[in-house]
Every structure is written in C-alpha cells, then in structure tokens.
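Engineer: Next comes the sequence, and after it the predicted model I'd like to discuss.
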Amino acid sequence: MNILEINNLKKYFATQKAVDGISMNIEQGSIFGLLGPNGAGKTTLIRMITGIFYPDSGEILLNGKKFKTEHDAKYIGYMPEERGLYKKMKIGEQALYLARLKGMSKGHAQEKIKEWFKRLEMENWWNKKVEDLSKGMGQKLQFVITVLHEPSLIILDEPFSGLDPVNANLIKDEIYRLAQNGTTIIFSTHRMEQVEEICNHIVLVNKGKKILDGTVEEVKQDFKENLFGIQLETIPEAINSSAFNVTAINNKKIIVKINEGYKPNDVLGHFINNGSHVVSFQEMLPSLNDIFIKLVEGTPAARQFEKVSD
Amino acid sequence: MNKIILIIQREFLTRVRKKTFIIGTILFPLLYLGLIFGTGYIADKTREDIHVALIDRSGLFTEKLITNANGHDTANTLTLITTEKDKVIAGFDSLGYDGYVEIPESFNWRTGVDSNNLSVNTKKNYGIGALVPIEKKLNKIWAEIKKDSLGIDSVKQSIINSVLSIKVNNEKDKNADAGIASLIGYVSGFLMYLILLLYGSQVMMGVTEEKTSRIAEVVVSSVKPFQLMIGKIIGIGMVALTQFLIWIACIFLIYNVGKATGMGGDGSSMVGQIQNVFTSVNIPLVVGCFIFYMLSGFFFYASLYAAIGSAINEDMREAQSLSFPITMLVIFSIFIMMTAVKDPNSSIAVWASIIPFSSPIVMMSRIPFGVPNTVPLWQLGLSMALLIAGFMFTTWFAARIYRTGILMYGKKPSWKEMIKWAFRK
C-alpha cells in the first residue's frame, strides 16, 4: 500500500521551475531515498509534502486522501536540513511544546519525551538550553523532536550531517527500528553510500524533474555495464577474446566488459582454457555514486536562474 | 485554534518569566521616578553656599532687612559690612567671603536708581544657578525698601498683589479640569507611543529570531504560518497588557494606601493631586479606552513589524531601514498628539484621532478631556471601528508577506517587493 502518492506536482518560483511535474509513489514501511544535486528541487518538493508550501498544480495523497496541513500535520515528522530550535528555551519544554503543536496531549507527550530521552541517553538534558548543546547533540535532539509524535511518515533532510560515527549509528538503528514498526521514512541526501546502505527505493531528481525511480537493486541492474572482475593467480601476458574487452588491470585483478551476445561463462571459459587459475569472479555493479554522477553530469554545479514563461 | 493558544502561551510565558520583564515592569518606573526626584534632591544638596559681602554706601540696606532675607533663603548668605572693597578683595579667604556687592553712594531716589551699575565681584566664576538667587535676594530686600519709602502697609500690599486669573469652567461637565486632562492625555499618548514601539519591535525581533534560527520551518510544518504569526502577536500583546495592568494596580494601591494612612495633609500633595485626577477625569473610561487602543494599535503596528521581521535576515540594519516608514508613522502621531493636548478640538486632532494609524496615540490624548463633550460618541465609535478594520487589514497584509518571507533567505527585499508578495494570488 502506498502511504504517499504524488501526481504531477508543480511549483514555479519567479526565477525557477523548482518542481516541474514530479510524480511518485512511496510504499508504507519503506525507506525511501530522495536524491539530487544541490538546487534540484528536493527541499521544495519536501516542503510541499509537509504542507509548508502549496503546490501550483498537481496533488498529494496521504493514505489515499488529499493532503491537508491542519488535519495531516500530526502524521508527518519533518527534520529540515537547516536545524532549527529555540536557542533560549529549555530542552524539555521545547520538546513538549513542539510535540503539542503536532497535536499530542501534554501527558502523552511528556511520557514519550522521557522514553526517547532515556533511549538516546539524553535524560539529564531536560533543563538545559539548546545553546548549551554541541552541534551533534542538537542534531540528536532534533531527531527526537521529529519522531516524537509517532508520525507515520518521517522526512529527514541530511540527517547524519554533523554526527560522529557512534551517534550516526545510533540514529541509523532508530531509523531501522521505526521502519520495522511500519513507519515510512523519506531520506533526502546527496551522500550516496548512506543511501545504498539504508534505502530500499530511490528517486533521483534533477532540475525539478524526476530522472530515476526504482529500487536500489533495479537501478543498479539498469545501469550495469556488463563489467566483471576476475582475480587470477598470474596475469597472462596477452588477453585476447572476442567475448570481452579488458578495461583495466590492477594488481592481480582484471576488469572486463562483456561484449554483446556473450555470457559470463564465456569469460570464465576463456581463462580456464588458457590454463589460468581463477581466484575469484564477480559482477561489478555500478555504485549509486557513479550513477548519480553519470546522470547529473553536465548540470552546472549551481542551478542557473531561468525564465519561467507561464 | 488550540495550536494558536499553545503558541500564545509560549510567547507569553517565555517573556513574562524573563528577568527583563520584571525589571521593566517594577524597577523601571521606580528607577524613573528615582531619577527625577533623585537628581533634584542631589542638585539641592550639593549646591554651593555662597557667602557674599554687601558694602552699602547708600545707607538703604539695613541689618534687619538682610537678616530677614537670609532667614528666608539659605542658599546664600549676605553680610552687611563696612570694610573697604580692596580689603575684601585681598582677604577673600581669610574673611571667608566668596564675593562682594557694592551699593554706591549715588543709590538714592533723587538721582535715580541705576541698577546696571551693580555687580557681584567674585574670586572665581559662578554659574547662573548660583548668581540668580543672589539677585533675587537683593531684589527682595529692595522691594522692602521701596515699600518702606512709599509707605505701603499690608492692606495696600494685598491690593498690589491681587491678580486676575481665568479658569475654564465647562458648563456641561462641572468637574472638567483642562490642566489635568492635558496632563493625562499627554501621559497616555506617550505611554501608548512607548508600548507600540517597544512591543512592536519585540514582535519584529521575535519573528526574525524564529526565521534565522530556522525553527520557523519546523513549526510551520505543524501549524499554518498565519497561526504562528498571530500567536506571537497576541502573546506579546498580552505581555504588554499585563505590564500595563500591573502599573494601574500599583497606582491604585499607592493611592489607596496614601488615603488610608491619612497622608492627605501637607505630606503628600501627590495623593491630593491624584484625588483631583480621580474627580475630574473619568478614570474607568480612560483606562478602558487605553486598553482598547493599546491592543488594537498594537495589533495594527505589530503585524507590520512582524512582516518586516519575516523579510529580514540576521542583519539588524536591514530591520532599521525597512521599519523606518513604520516608525515614522508612530513619531508623526506623537507630534500630532502634542498639538492635540493643547487644542483637542482642532481639526487635525479630530481627524488624526479617527484615522487608524495615528488614532491610538491621538485619541488617547483627547479622551481625558471628556466623552461625549470633547470627543463626541460618533468620533469615538468611528475611530474604534476604523482601527479594528485597520488592524484586520494590516494583519491580513502582513500575513501574506510573512508566509513568503519566513522561508526566504538571502537578499533583503524592498517594500515594493514585499507589497508584491502580499497581493499575489
């Protein structure tokens, strides 16, 4: 079942088509990666999903019904890329206030805050102020505030930036735990290794348009270049085969590209017949990073201003 | 609705619990009064006593007259001496004189009195503050001498002293006292001005703080931008109201304590004056109207300040340049108010008290003169209705700027751009 459906969403600003006809579906319980270079329109898209911006056209369906901020705010938890908290306000009070703004009752919110603070070892923070926290601590707090009201859809914009590996793992485990309990998580990031590790499904956005949509596995399969890596005990002096071309040799590993109409078996057969001792043989799938770069290459590093005709 | 109340609560509580609020509410008026009375007291205490020798060659100044005058005014001391002036100059320190005045022999009625010839000859420079009292004292003695030689007794004196003075007596409102009314009008207008500017800029800074600390984005994913803005404005408005009510309560308390302890005698002319105020001005009406105009005027200006706060970034100079036109409106109102307390029925006062942007300040300066005598009911009604319409408009207008501005970072927009945001579909 899709928790979120987006149909042909558009948002134009004076100088930019920030989001230009994006459609996508997000399955409940999935960890969804929203990728794209800087200025691709990710934040604008997220702001529409969270009800901060109204789309110019298109529709957003949450649980099959049209999204309405007043009613649906409590189902969504949003952690913006630029963290924001009241600096002078005590942490406990602040968490309570923001949870109640999401529609939680005071008692329930208090209970939940205590529970989360305990789990993330923040119990003695209650009376501290945000300005006393380090950047990483602030990050942790922001995460807790985002998930406190048990939203069914959590949107995290660059959740790990500024966190040390220990705390990053802590948050990652919490994300997995939430997903297992049926919470849907949208990740917006340009850190590809994290996406590869965490996400089931990704969408790549560039210049306001969706250019890629699929599971991590599918995407990798779609972009594979029939590359295989073979490790041999000794590398033969000349490798000549109509089945493949050698693209690189490093150490004892040979990377080959299989030609049209041939199979991996033909590569193995070639070396076995050669009398080489094969140590390992595996398919080399492209990393998301490579795919990302390949797809958005040629896009200027910063998005240019453009004229919006209509 | 529930969420607006939560926001109001937060805005109110975080401000009222701050030390600066307590200081502002209790200490500031005390400090202010202390400053006024304290400096007067200190100036009085530290004034230099000047000892002046009087060398009288005319024979008109007698020991008795001088002693009498010294008894009335102790700020300086005159001593009648017969020593030569050269000796006085040589012996300023040893004789203990700070200066001398010589009355020439020619000082008599027949040759004419040439007062221009008189001078205080001192050993160092004195300011006007020290010398004017000496002149006064000499004139007082001189007046006695004149009376003596003209043969004026106490009856004749009282005839001379009598003056005509005119008081305004409003036939429709016997208790009206124009002096007290202008005073209250002036104080109300000024207080209104302070509240509008101080709390207005608090709204502006609060909005900017939310924007620059990026909490706004977190909050507007839970509530509408309008709710966040209106919650802040109402919350801060409540703080202003609380402060005002505490002040009013303090005045009543002081007044009642003063009355109860029977300080009405010579000890506290203050209490007597306040009593006058209570009988000549309709206090509940003034306080009630003040609260109305304070809140409505605050909503009118605060929403504009909120719009500015949402448009600017960290730089406070941006705030200054954008808020300048708004601040000018308030200052302009204060100038009209100053003429309104002198002549509450002038057409500029009447119109300025009806037009929304100036009405909170100007109307408050007219109301103490009396409703419905000075301010007819239609004027009060029209002014209130227009002000309500005015703040509804500014709130609507500001909300539309706010929702765009609060998430817009980068260059500061101009007023022109902001107006464009407001009237976009």
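Structural biologist: Looks like it arrived, so ask away. Since we're looking at a predicted model, the values are computed, not measured. Residues are numbered from 1 along each chain as shown, chains lettered A, B, ... in the order given.
Engineer: and the residue in chain A positioned nearest to chain B, what does it touch?
Structural biologist: Nearest to chain B, among the residues of chain A, is A:Gly84, at 3.1 Å (Cβ to the nearest Cβ). C-beta here means a position set from N, CA and C on the backbone, and glycine is covered the same way. Contacts for A:Gly84 (Cβ atoms under 8 Å, 6 or more residues apart in numbering or on different chains) come out as A:142, B:213-218.
Engineer: May I ask which two of the residues you listed are separated the most?
Structural biologist: Maximum pairwise distance in the contacts of A:Gly84, criterion Cβ to Cβ, is 14.2 Å, between A:Gln142 and B:Ala216.
Engineer: which of these two has more neighbours?
Structural biologist: B:Ala216 (25 against 19; other Cβ atoms under 10 Å in any protein chain shown).
Engineer: Quick check: the more buried one touching B:Leu407?
Structural biologist: Yes: under the criterion of Cβ atoms under 8 Å, B:Ala216 makes contact with B:Leu407 at 7.0 Å.
Engineer: Sketch out the low-pLDDT regions of chain A for me.
Structural biologist: Applying pLDDT under 70 to chain A flags the ranges A:298-310.
Engineer: where do the strands sit along it?
Structural biologist: Secondary structure of chain A (DSSP state E): strands located at A:2-12, A:17-27, A:31-35, A:57-62, A:65-66, A:76-79, A:153-157, A:184-189, A:201-206, A:209-215, A:227-232, A:244-250, A:253-258, A:278-284.
Engineer: Quick one: closest of these to A:Glu123.
Structural biologist: strand A:76-79 (21.5 Å).
Engineer: got the CA positions of that closest one in CSV?
Structural biologist: The C-alpha coordinates for strand A:76-79 follow below in CSV (Å, rounded to 0.1, in the frame of the first residue of the first chain):
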residue,chain,number,x,y,z
ILE,A,76,4.3,13.8,9.4
GLY,A,77,7.6,14.4,11.1
TYR,A,78,9.9,16.7,9.3
MET,A,79,13.6,17.4,10.1
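Engineer: Show the end-to-end separation of stretch B:88-102, please.
Structural biologist: In stretch B:88-102, first residue to last residue: 11 Å (Cα to Cα, to the nearest Å).
Engineer: which residues are contacting that stretch?
Structural biologist: With Cβ under 8 Å, 6+ apart, stretch B:88-102 has contacts from B:50-55, B:57, B:78-79, B:81, B:83, B:85, B:118-124, B:126, B:134, B:138.
Engineer: just stretch B:407-416 next, same as before
Structural biologist: By Cβ under 8 Å, 6+ apart, stretch B:407-416 touches A:47, A:52-53, B:216-217, B:220, B:311-313, B:315, B:318, B:322, B:325, B:405, B:421.
Engineer: Please point out which parts of it sit buried.
Structural biologist: Within stretch B:407-416, the residues scored as buried using 16 or more other Cβ atoms under 10 Å in any protein chain shown are B:407-408, B:412-413.
Engineer: tally of neighbours for residue 105?
Structural biologist: In the absence of a named chain, this looks at chain A. Quick note: A:Ser105 (other Cβ under 10 Å) scores 10 neighbours.
Engineer: wrong one, I was asking about chain B
Structural biologist: B:Glu105: 11 neighbours (other Cβ under 10 Å).
Engineer: How about B:Val163?
Structural biologist: Neighbour count for B:Val163, taken as other Cβ under 10 Å: 5.
Engineer: Next up, phi/psi of it, please.
Structural biologist: phi -130, psi 160 (degrees, to the nearest 10).
Engineer: That one and chain A: what is the separation?
Structural biologist: Noted for B:Val163: a distance of 62 Å to chain A, by Cβ to the nearest Cβ, to the nearest Å.
Engineer: Pull up the residues of the stretch 1-150 of chain B that are close to chain A.
Structural biologist: The stretch 1-150 of chain B comes close to chain A at residues B:3, B:6-7, B:10, B:14, as judged by Cβ under 8 Å from any Cβ of the partner chain.
Engineer: Kindly recompute the last result at 7 Å.
Structural biologist: B:3, B:6, B:10, B:14 (Cβ under 7 Å from any Cβ of the partner chain).
Engineer: All the helices of the stretch 1-150 of chain A, residue numbers only.
Structural biologist: Taking DSSP state H, counting those that start in this stretch as the test, the helices found in the stretch 1-150 of chain A are A:42-49, A:69-72, A:91-101, A:106-119, A:135-147.
Engineer: what's the closest of those helices to B:Tyr301?
Structural biologist: Relative to B:Tyr301, the nearest member of the helices of the stretch 1-150 of chain A by Cβ to Cβ is helix A:91-101, separated by 26.6 Å.
Engineer: Tell me which residue of chain A is furthest from the middle?
Structural biologist: In chain A, the greatest distance from the average C-alpha position (Cα atoms, centre = their mean) is reached by A:Gly275, at 45.7 Å.
Engineer: what does stretch B:154-168 contact?
Structural biologist: B:147, B:178 (Cβ atoms under 7 Å, 6 or more residues apart in numbering or on different chains).
Engineer: Include mean neighbour count when you put the strands of chain A into a markdown table, please.
Structural biologist: Converted to a markdown table, the strands of chain A look like this (neighbours: other Cβ atoms under 10 Å in any protein chain shown):
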| stretch | mean neighbour count |
| --- | --- |
| strand A:2-12 | 19 |
| strand A:17-27 | 19 |
| strand A:31-35 | 25 |
| strand A:57-62 | 16 |
| strand A:65-66 | 10 |
| strand A:76-79 | 24 |
| strand A:153-157 | 23 |
| strand A:184-189 | 24 |
| strand A:201-206 | 23 |
| strand A:209-215 | 16 |
| strand A:227-232 | 18 |
| strand A:244-250 | 13 |
| strand A:253-258 | 18 |
| strand A:278-284 | 12 |
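Engineer: Turn these into JSON lines, columns for distance to chain B.
Structural biologist: Below are these laid out as JSON lines (distance: least, Cβ to the nearest Cβ, whole Å):
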{"stretch": "strand A:2-12", "distance to chain B": "12"}
{"stretch": "strand A:17-27", "distance to chain B": "12"}
{"stretch": "strand A:31-35", "distance to chain B": "16"}
{"stretch": "strand A:57-62", "distance to chain B": "13"}
{"stretch": "strand A:65-66", "distance to chain B": "17"}
{"stretch": "strand A:76-79", "distance to chain B": "4"}
{"stretch": "strand A:153-157", "distance to chain B": "9"}
{"stretch": "strand A:184-189", "distance to chain B": "13"}
{"stretch": "strand A:201-206", "distance to chain B": "19"}
{"stretch": "strand A:209-215", "distance to chain B": "22"}
{"stretch": "strand A:227-232", "distance to chain B": "43"}
{"stretch": "strand A:244-250", "distance to chain B": "45"}
{"stretch": "strand A:253-258", "distance to chain B": "46"}
{"stretch": "strand A:278-284", "distance to chain B": "42"}
